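>>> One predicted model, sequence on top.
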Amino acid sequence: MRYTELFKNEGGQVAILFGLVLIPLVAVAGFAIDFQQTVKRKAKAQLIMDSAVLAAARVKQTGASDDVVKLAVQQYMSAQLDNLPGLACDPAYVVVASSSEEIDAQMRCVQTTSLMKVVGQDSMPFTIESGSKYGIDKIDVAFMFDVSGSMNSSNRLSNLKVAAQDAVDILLPVDASPDVIEKTRLAMVSYNGMVNAGDFFEDVTGTTPTRTYTHTINAGVGPGDLTTGSTFDDFMIGLYDTDTGELISEIGENAVIEVQDHQDDDLTIAVTLNPSHDLYGQVESMRMQLSGTEYQNKTENIEPYALYGDSGLSNMSGRAWDMGDFTLRLRAYSGNSLSGSKLFDETFSFTLVPEGGTEPETKSYTLTSTCVWERDGPFRFTDLHPDTGGYLAHQQAWFVEDDYYYDGGYWEVGHPSRPNDSKYDGDECRDIEPVELTNNRTTLNNYISSLTAGGWTAGHLGIAWTWYLVSEEWNTIFIGDAAPLDYTEPDSAKIVILMTDGAFNTEIFPGQGSSDDQARDICDNIKLKDVKVYSVALNAPASGKEVLEYCATGPGYYFEPENGAELKDAYRQIAVSISDLRISK
């Protein structure tokens, strides 16, 4: 055999061997590629089934029949799986188990292969299964609504009402099953610079909604201080009641004279002379200058020399005087109209006190208010029961003595830690009290509809009250069906949802830190009790966003909507998140 023929024969053998080796190589590579594709398809299909059974659980919570629930799973999965090329699945086998409140689903699928076809393997099968519970665990949810003045702008309050009512619809669906109604309770509180505690006021403050404050003004003079003072021998200076012509008292230097109530509306001073006086028969005119709470200047040429018009002691005119301190300057002349020699020139002081003015005077002021600020003390950032950890601060009244005022002073209303500051007078509080835990949709929706806005933003106070509404420590204040679950209650969860559109800018006790600082301290303690915190910053400034982001349980619990649609979506996401139940398989 020639060499060239041998070479051809050997080449043919190599080609045959190569072909024999290539087939298993292609099979192995094809298996790896097709297997990887099938694994991806199975993972995707599993996610779709997980979502389908969760969606079915929500349908079941509305009271739907088992057949409707099964159809919901089929429709959900078909809509999603039809978009996956090469994947074919049998209809899902769905079981709704009333006894265990579970929805279980199973499905067999096949994924078309690509390279495996060369060895006769046209598809790769797999099975997926999933399950969820439609009987929800017990949940206590408290909503916090900012109703400060800025909520009146850009339709924020209107948008909030729509979004909050949508959240109620999701958490307590119309026609929901009795199980959902029984195990789902919502509470709500609104705040600005204060919170209206309403019927809970006495429990959280230790005082009554209507309260009377008193203040005693000690009299400047006592009964023993009444005196005519150092009188003059030159003539007689008298204080008269012109209604009766009665001489009330002679007046001298440093006189202190009590004026009866029936005398103080027609008073005058008149100077008379009789033979016993040193200047008798010498005086022809008199200049009288009174100052104090009453001012009068008068020149008289005929006795009696009186401050006001007269035609004798029995027919003088007078005026009503405010009681107090006076000075009187008298100048007597030997001739008419202040002519001739000056016979007398003295200025002296005297005091008139009202009837009873020598006794201490008690002032009183009654106010009615159910609005509260935060509390101070060592437990200020906790949820400890108020009568143990300190009552909440409330509106008070106190008297400021000031002689400039007719009544001896004036009443201030607000809080003593912030005196003379109208921002803290307590008048900005809204009318509606918190809604304690309830599953009554009408009560919740009516509360939302009645929200009005105005005032400042004490965000830390709103956060604290949201916590109180779900805290086991407050189950003697919120009682009966509204009593919060214990923190250790099995299969339960507590959630608070915080909302603001502004910076926290008001606190009644600045020594405890700013509203922002106090909010952070309260949020730290809320999360220590394993209460989940969602927060919503609606068009809020940077400082408002920062504190709410800090308070949120995690990134997925914080939302920054910028308009009504986004706000509604945020509340919807929160409500759906609360409603979602874990995958049981």
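Yes, it's here.
>>> Please count neighbours and contacts with C-alpha atoms only from this point.
Will do.
>>> Go ahead and confirm Gln282 touches Asn336.
No. Assessed by C-alpha atoms under 8 Å, Gln282 is found out of contact with Asn336, at 11.1 Å.
>>> burial of Asp517, as a residue count?
Look at Asp517: counted by other C-alpha atoms under 10 Å, it has 13 neighbours.
>>> what secondary structure does it sit in?
helix (DSSP: H, G, I helix; E, B strand; the rest coil).
>>> next one: Ile139
strand.
>>> Isn't it up against Arg185?
Yes. Taking contacts as C-alpha under 8 Å, Ile139 lies within contact range of Arg185: 6.4 Å.
>>> quick one: buried residues of stretch 387-400?
Neighbour-count burial for stretch 387-400 flags Gly389, Gly390, Tyr391, Leu392, Ala393, His394, Gln395, Gln396, Ala397, Trp398, Phe399 (criterion: 16 or more other C-alpha atoms under 10 Å).
>>> CA atoms of stretch 534-543 as CSV?
The C-alpha coordinates for stretch 534-543 follow below in CSV (Å, rounded to 0.1, in the frame of the first residue of the first chain):
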residue,chain,number,x,y,z
TYR,A,534,-43.5,53.2,58.8
SER,A,535,-43.0,56.9,58.0
VAL,A,536,-44.2,59.2,55.3
ALA,A,537,-42.6,62.6,54.6
LEU,A,538,-44.9,64.5,52.3
ASN,A,539,-43.1,67.5,50.6
ALA,A,540,-41.2,67.8,53.9
PRO,A,541,-38.0,69.9,54.2
ALA,A,542,-34.7,68.2,54.8
SER,A,543,-35.0,68.2,58.6
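>>> Would you mark the buried spots in that stretch?
Buried residues in stretch 534-543, counting neighbours by 16+ other C-alpha under 10 Å, are found at Tyr534, Ser535, Val536, Ala537, Leu538, Asn539, Ala540.
>>> export those residues to TSV and tack on pLDDT, distance to Ala320 and secondary structure?
Formatted as TSV, the buried residues of stretch 534-543 follow (pLDDT from 0 to 100; distance: C-alpha to C-alpha, whole Å; DSSP: H, G, I helix; E, B strand; the rest coil):
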residue	pLDDT	distance to Ala320	secondary structure
Tyr534	96	67	strand
Ser535	96	65	strand
Val536	96	64	strand
Ala537	94	62	strand
Leu538	93	61	coil
Asn539	89	61	coil
Ala540	90	60	coil
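>>> how about these, which pair is most distant?
Spatially, the most separated pair among the buried residues of stretch 534-543 is Tyr534 and Asn539, at 16.4 Å (C-alpha to C-alpha).
>>> Next one: the spatially most central residue of the chain from Gly564, what distance?
Centre of the chain computed as the mean C-alpha position; nearest residue by C-alpha atoms, centre = their mean is Tyr191, 2.1 Å away. Counting by C-alpha to C-alpha, to the nearest Å, the separation of Tyr191 from Gly564 is 20 Å.
>>> do the same with Gly324
When Gly324 is compared with Gly564 (using C-alpha to C-alpha), they lie 63 Å apart.
>>> all helices of the stretch 1-150 of the chain, in order?
Ranges of helices in the stretch 1-150 of the chain, per DSSP state H, counting those that start in this stretch, are 3-61, 66-81.
>>> mean pLDDT for those helices: which is lowest?
With a mean of 70, helix 3-61 has the lowest mean pLDDT of the helices of the stretch 1-150 of the chain.
>>> Between Gly324 and Gly564, point out the one with more neighbours.
Shown here are Gly324 and Gly564; by other C-alpha under 10 Å, Gly564 has more neighbours (20 against 16).
>>> For the residue nearest to the more buried one when sequence neighbours are not counted, give me its contacts.
Excluding its sequence neighbours, the residue lying closest to Gly564 (C-alpha to C-alpha, 6 or more residues apart in numbering) is Asn159, at 5.0 Å. Neighbouring residues of Asn159 by C-alpha atoms under 8 Å, 6 or more residues apart in numbering: Asn563, Gly564, Ala565, Leu567, Lys568.
>>> Next: Met499.
Phe143, Met144, Phe145, Asp146, Ser535, Val536, Ala537, Leu538.
>>> Over to Ser492?
Asp137, Lys138, Ile139.
>>> My understanding was that the second one contacts Asp491; is that so?
This means Lys138. Yes. Look at Lys138 against Asp491 with C-alpha under 8 Å: they come within range, at 6.4 Å.
>>> between those two, who's got more neighbours?
Lys138 (20 against 9).
>>> Tell me the spacing between that one and Thr488.
12 Å.
>>> got a list of what the nearest residue to His460 once chain neighbours are set aside touches?
Using C-alpha to C-alpha, 6+ apart and skipping the chain neighbours, the partner closest in space to His460 is Ala519 (4.2 Å). Ala519 sits next to Gly459, His460, Leu461, Ile463, Ala464, Val547 when contact means C-alpha under 8 Å, 6+ apart.
>>> what does Val141 give?
Thr184, Arg185, Leu186, Ala187, Leu437, Val470, Lys494, Ile495, Val496, Ile497.
>>> okay, stretch 349-357 in CSV with CA atoms only?
This file holds the C-alpha atoms of stretch 349-357, laid out as CSV (Å, rounded to 0.1, in the frame of the first residue of the first chain):
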residue,chain,number,x,y,z
SER,A,349,-49.9,112.5,99.1
PHE,A,350,-52.8,110.4,100.1
THR,A,351,-54.3,107.0,99.2
LEU,A,352,-57.8,105.9,98.6
VAL,A,353,-58.7,102.2,98.9
PRO,A,354,-61.9,100.5,97.9
GLU,A,355,-64.3,99.0,100.3
GLY,A,356,-62.7,95.7,101.5
GLY,A,357,-59.4,96.9,100.0
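>>> who's in contact with it?
219, 221, 229, 251-261, 323-328.
>>> Report the buried members of those.
Applying 16+ other C-alpha under 10 Å to the contacts of stretch 349-357 flags 229, 251-259, 323-328 as buried.
>>> now the strands for the stretch 351-500 of the chain?
361-368, 371-372, 396-401, 409-414, 435-438, 492-500 (DSSP state E, counting those that start in this stretch).
>>> sorry, back to before: wait, which of the buried ones among the contacts of stretch 349-357 is closest to Asp345?
Leu328 (10.5 Å).
>>> mind listing what that closest one touches?
Neighbours of Leu328 in contact, by C-alpha under 8 Å, 6+ apart: Met288, Gln289, Leu290, Ser291, Thr347, Phe348, Ser349.
>>> Arg418 now?
Tyr424, Ile508.
>>> How about Thr113?
Asp34, Gly86, Gln121, Asp122, Ser123, Met124.
>>> Pull out the buried members of these.
Asp34, Ser123, Met124.
>>> Select from the contacts of Leu328 the one having the most neighbours.
Going by other C-alpha under 10 Å, Met288 tops the contacts of Leu328 with 21 neighbours.
>>> for that one, helix, strand, or coil?
strand.
>>> Just the pLDDT for it.
Looking at Met288, its pLDDT stands at 97.
>>> what does Val400 give?
95.
>>> Begin at 102, not 1, for the rest of this chat.
Sure thing, new numbering starts at 102, so read that last one as Val501.
>>> Is it correct that it is in contact with Gly510?
Yes. Val501 lies in contact with Gly510 (C-alpha under 8 Å); the separation is 5.4 Å.
>>> what's the burial count for the nearest residue to Val677 once chain neighbours are set aside?
Excluding its sequence neighbours, the residue lying closest to Val677 (C-alpha to C-alpha, 6+ apart) is Ile271, at 6.9 Å. Residues near Ile271, counting by other C-alpha under 10 Å, number 20.
>>> Assign a three-state SS to Ile271, would you?
Ile271 ends up helix, using three-state DSSP.
>>> doesn't Tyr672 make contact with it?
No. Under the criterion of C-alpha under 8 Å, Ile271 is not in contact with Tyr672, lying 9.6 Å apart.
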